[in-house]
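Engineer: no sequence on this one, just coordinates:
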């Protein structure tokens with residue numbers, strides 16, 4: 001009996017030692033995993049420097065409890081312009097390319113367009129004439145190409161266009177010309193419980209067709225320009241019809257208005273690339289909570305484009321001066337980014 005008790009006791013000791021060893025191993029594994037997570041680079045496509053450091057430092061400060069700059073999750077709102085900020089916008093806004101292709105597609109039903117600008121310029125591939133028509137002419141193109149159909153039909157038309165249209169310089173789908181460093185920034189913010197919104201001058205219904213899949217931003221977190229719509233109900237068929245009339249322009253002063261209307265809170269993080277985003281950054285800077293204003297400066301003519309004060313697309317003039325005067329962070333695309341697009345090698 002004594003021998004049996006000793007054997008049993010020995011087995012118990014061995015089991016306890018084994019369990020203790022496994023527990024220590026698991027603790028070490030968990031600690032190692034935690035250390036790897038803490039040490040992992042949230043922005044691997046960004047070069048080391050002041051810009052990357054400033055972004056990471058701000059996000060850490062406002063998301064860590066106990067920090068003097070801690071911001072509750074409910075107030076962690078981030079807003080991003082889209083054109084020229086999350087994807088390219090040269091040589092024309094991508095939605096304008098859509099409008100031009102749509103006008104060409106509809107031209108057979110509108111013989112009068114052959115003699116009327118800016119439609120004549122579109123059909124004759126004379127972009128100078130198109131641009132010379134000014135904002136009024138561009139709005140005519142948008143109305144002709146974006147209205148006269150149901151919301152569901154428009155969604156289908158945009159989806160089909162994006163599946164076949166290629167950028168004239170890169171010969172790739174437009175949705176591939178998104179900025180890899182900005183995709184990482186979106187992920188970094190979300191991983192720290194930021195609610196991320198797009199606030200763009202582009203059409204809200206145009207963006208809803210592809211933004212959720214490309215950026216991981218839900219359709220109800222997109223603030224954009226819109227045309228008027230009306231409800232139709234015939235023979236049990238309920239539809240939203242798109243009318244040839246502007247409803248809201250989400251640009252410049254319109255951006256803070258759109259943020260207030262849709263989001264209802266001031267952002268603490270705002271990112272843009274042009275003077276059209278200046279008011280959004282000013283609105284963010286007026287927040288009583290810690291805030292971060294970020295401008296993207298296009299300085300890379302080799303991998304993308306270089307433009308700012310004199311550009312007809314994405315002009316950055318007043319915003320560049322205000323960023324310098326107020327100490328806002330400015331991304332130098334050429335020097336701050338290791339790569340531009342996801343299809344580029346590091």
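Structural biologist: Nice, thanks for sending it over. On a predicted model such as this, the values are computed, not experimentally measured, just so you know.
Engineer: Residue 334: how many residues sit nearby?
Structural biologist: Neighbours of residue 334 under the rule other CB atoms under 10 Å: 17. Any C-beta I mention is one placed from the backbone N, CA and C, and that applies to glycine too.
Engineer: can you give me phi and psi for it?
Structural biologist: Main-chain dihedrals, residue 334, degrees, to the nearest 10: phi -60, psi -40.
Engineer: Assess the claim that it and residue 305 are in contact.
Structural biologist: No. Counting by CB atoms under 8 Å, residue 305 is not a contact partner of residue 334; they are 10.8 Å apart.
Engineer: Strands along the stretch 101-250 of the chain, start to end?
Structural biologist: Remark: strands assigned in the stretch 101-250 of the chain by DSSP state E, counting those that start in this stretch are 195-203, 222-234, 237-248.
Engineer: pLDDT averaged over stretch 264-281 - what is it?
Structural biologist: Mean per-residue pLDDT for stretch 264-281: 98.
Engineer: try stretch 202-209
Structural biologist: 97.
Engineer: What are the contacting residues of that stretch?
Structural biologist: Residues from elsewhere that reach stretch 202-209, judged by CB atoms under 8 Å, 6 or more residues apart in numbering: 82-83, 93, 95, 98, 142, 146, 151, 154-155, 158-159, 162, 198, 200, 219, 222-227, 242, 250.
Engineer: Surely residue 276 is in contact with residue 253?
Structural biologist: No. The pair residue 276 / residue 253 is not scored as a contact, 9.9 Å apart, by CB under 8 Å.
Engineer: what comes up buried for stretch 263-277?
Structural biologist: By neighbour count on 16 or more other CB atoms under 10 Å, the buried set for stretch 263-277 is 263, 266-277.
Engineer: what's the first-to-last distance across that stretch?
Structural biologist: Start-to-end span of stretch 263-277 (CA to CA, to the nearest Å) is 17 Å.
Engineer: Please apply the same query to stretch 62-75.
Structural biologist: Stretch 62-75: ends 10 Å apart by CA to CA.
Engineer: Quick check: beta-bridge partners of residue 173?
Structural biologist: Counting by DSSP bridges, residue 173 forms beta bridges with residue 166.
Engineer: list the contacts for it?
Structural biologist: Residues in contact with residue 173 (CB under 8 Å, 6+ apart) are 162, 163, 165, 166, 167.
Engineer: ok, now with 10 Å
Structural biologist: When contacts are counted by CB atoms under 10 Å, 6 or more residues apart in numbering, residue 173 touches 162, 163, 164, 165, 166, 167, 210.
Engineer: and residue 264, what does it touch?
Structural biologist: By CB under 10 Å, 6+ apart, the neighbours of residue 264 are residue 77.
Engineer: picking that back up, please indicate which of the contacts of residue 173 are buried?
Structural biologist: When those are checked for burial by 16+ other CB under 10 Å, the buried set is 162, 167, 210.
Engineer: Compile these into CSV and extend it with columns for distance to residue 189.
Structural biologist: Shown next, in CSV, are the buried ones among the contacts of residue 173 (distance: CB to CB, whole Å):
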residue, distance to residue 189
162, 25
167, 27
210, 20
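Engineer: quick one, helices of the stretch 151-300 of the chain?
Structural biologist: Here the stretch 151-300 of the chain has its helices, by DSSP state H, counting those that start in this stretch, at 151-164, 180-191, 204-208, 211-215, 254-262, 278-285.
Engineer: TSV for the ones you listed, including distance to residue 328?
Structural biologist: TSV is the format used below for the helices of the stretch 151-300 of the chain (distance: least, CB to CB, whole Å):
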stretch	distance to residue 328
helix 151-164	33
helix 180-191	16
helix 204-208	25
helix 211-215	23
helix 254-262	16
helix 278-285	7
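Engineer: Out of those helices, which is closest to residue 60?
Structural biologist: Nearest of these to residue 60, taken as CB to CB: helix 180-191 at 10.2 Å.
Engineer: So which bits of that closest one are buried?
Structural biologist: For helix 180-191, using 16+ other CB under 10 Å, the buried residues are 180, 181, 182, 183, 184, 185, 186, 188, 189.
Engineer: same deal with stretch 224-233?
Structural biologist: Per 16+ other CB under 10 Å, stretch 224-233 contains these buried residues: 224, 225, 226, 227, 229.
Engineer: And for stretch 278-292?
Structural biologist: 278-285, 287, 289-292.
Engineer: Nearest to residue 236 among those?
Structural biologist: Using CB to CB, residue 280 comes nearest to residue 236 of those, at 42.6 Å.
Engineer: which residues touch residue 318?
Structural biologist: Going by CB under 10 Å, 6+ apart, the list of residues near residue 318 reads 274, 275, 278, 309.
Engineer: Give me the below-cutoff pLDDT ranges for this protein.
Structural biologist: For the chain, applying pLDDT under 70 flags the ranges 1-39, 345-346.
Engineer: Domain boundaries for it, per the record?
Structural biologist: 42-90+173-336, 94-151 (automatic domain parsing).
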